[in-house]
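A.B. asks: Pasting a predicted model and its sequence here:
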Amino acid sequence: MGAGWKMESSIDKALIKIIGEVDFTGTPELREEMHDFVKNTAGEVQVDLSELDYLDSSGLASLIELRRILSKEGRSVRIIAVTEQVDRLLNLTQVKSLFGVT
């Protein structure tokens, strides 16, 4: 568990669920956990943000980095659920389409 957030994952389903609040204080640990997750999975990674109360620009950068890493391996990432706050950030930064969010 990071500072203010926790990540639950399912290797079998290639699913990451991030819960709580992600800001610059917890982003380095989140990035490390996501990198480890990528090494142990195959195919598309799904990200569930349905219980993520807060995401700042550093947390968003971590998700964009996750997408870049997966893309280099011919893989993809898709955000499957978001909170209202996260949805606003994705809209504001115009990155929804990068993650398959409609």
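C.D. replies: Received the coordinates, thanks.
A.B. asks: helix/strand/coil for the residue nearest to the spatial centre of the chain?
C.D. replies: Among the residues of the chain, the one closest to the centroid is Leu63, at 4.4 Å (CA atoms, centre = their mean). Using DSSP: H, G, I helix; E, B strand; the rest coil, the structure places Leu63 in helix.
A.B. asks: measure it to Ile16 for me?
C.D. replies: Noted for Leu63: a distance of 10 Å to Ile16, by CB to CB, to the nearest Å. Just so you know, the C-beta spots here come from the backbone N, C-alpha and C atoms, and that holds for glycine as well.
A.B. asks: coming back round to it: please read off the pLDDT at the residue nearest to the centre of the chain from the model.
C.D. replies: Confidence at Leu63, expressed as pLDDT, is 97.
A.B. asks: for this protein, longest strand please?
C.D. replies: In the chain, assigned by DSSP state E, the strand with the most residues is strand 45-55.
A.B. asks: elements contacting that one?
C.D. replies: strand 15-22, helix 57-72, strand 77-82, helix 84-93 (3 or more CB pairs under 8 Å, 6 or more residues apart in numbering; DSSP states H and E).
A.B. asks: about what we covered before: check contacts around the residue nearest to the centre of the chain.
C.D. replies: 47, 77, 79, 99 (CB atoms under 8 Å, 6 or more residues apart in numbering).
A.B. asks: again, 10 Å this time
C.D. replies: Applying CB atoms under 10 Å, 6 or more residues apart in numbering to Leu63 gives the contacts 16, 18, 22, 30-31, 34, 47, 49, 55, 77, 79, 86, 90, 95, 98-99.
A.B. asks: circling back to that earlier point, now the angle from the longest strand of the chain to strand 15-22?
C.D. replies: Orientation check (axes from the mean of the first three to the mean of the last three CA atoms, to 10 degrees): strand 45-55 against strand 15-22 gives 10 degrees.
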